[in-house]
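Visitor: Model the structure of this input:
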Amino acid sequence: MAEAVALLDADGLDGVTLRKLAARLGVQQPTLYWYLPNKAALITAVADAVLEQQFAELTPPPPEECWQEWLAGLAQRLRQALLAHPDGARLVSISQLSLRMAAISELAISTLVARDVPLRQARLIVLTVEHFTVGHVLEEQTGRPAATSAPDFDLEAFTRTHPTVVAGITEYFQDDRTADDLFRDCLDVIIRGAATTAGHTR
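Guide: Residues are numbered from 1 along each chain as shown. Down below sits the predicted model:
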């Protein structure tokens, strides 16, 4: 899958096709059908390869580490895996039956269950954290629109209409906080709230 990941890095998700992969490998496209019957299978295989780079080994936390900190670290690793490649978040979000993503979920849910979090809550907590992480990175990789794409946007009028939104953004980033800080702080809100709901305050 190294060439398929290289294709993702070079051309983005829309450029990941069986035809282009065959050309990079120097083979006829029908040859790939023995391994990848369609584009959906290719996308899933690339997603697994991307996740494998951060999650080659999946191990539960040591007994002394609280699950909240461990789960936050897992989410940060997932974010790094997605940010490492163009369209990484979109790739994983549309992949079907990714075995590596399933393995990450299995480890996370089973870890929480082993720490006495009820199965239903454990699944909801992990699902929320995973969806937040993928969605956050999707927004990061989409990027801000260029000024020329909204020539009629009136920042002063927007500020007058949404003063609290603008004040909140300004206040948060005034102390040189970064997108990394924003991700960690949002994640902390999610996991702390989930821990309280599950009856785990530590």
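Visitor: Can you tell me which residue is spatially central in the protein?
Guide: Val134 (3.0 Å; Cα atoms, centre = their mean).
Visitor: Just checking the distance from the lowest-mean-pLDDT helix or strand in the chain to the centre of its chain.
Guide: Each helix and strand of the chain was given a mean pLDDT (mean pLDDT, DSSP states H and E); the minimum falls on helix 29-32 at a mean of 84. Relative to its chain's centre, helix 29-32 lies at 31 Å (Cα atoms, centre = their mean, to the nearest Å).
Visitor: Tell me the buried residues in that helix?
Guide: Of the residues in helix 29-32, those buried by neighbour count under the rule 16 or more other Cβ atoms under 10 Å are Leu32. For every residue, glycine as well, the C-beta is placed using N, CA and C.
Visitor: Based on its surroundings, how many neighbours for Asp185?
Guide: A count of neighbours around Asp185, defined by other Cβ atoms under 10 Å, yields 11.
Visitor: try Ala41
Guide: That count, for Ala41 with other Cβ under 10 Å as the rule, works out to 17.
Visitor: so which strand or helix has it?
Guide: Per DSSP states H and E: Ala41 is located in helix 39-54.
Visitor: Equivalent analysis for Gln96, please.
Guide: Using DSSP H and E, no helix or strand contains Gln96.
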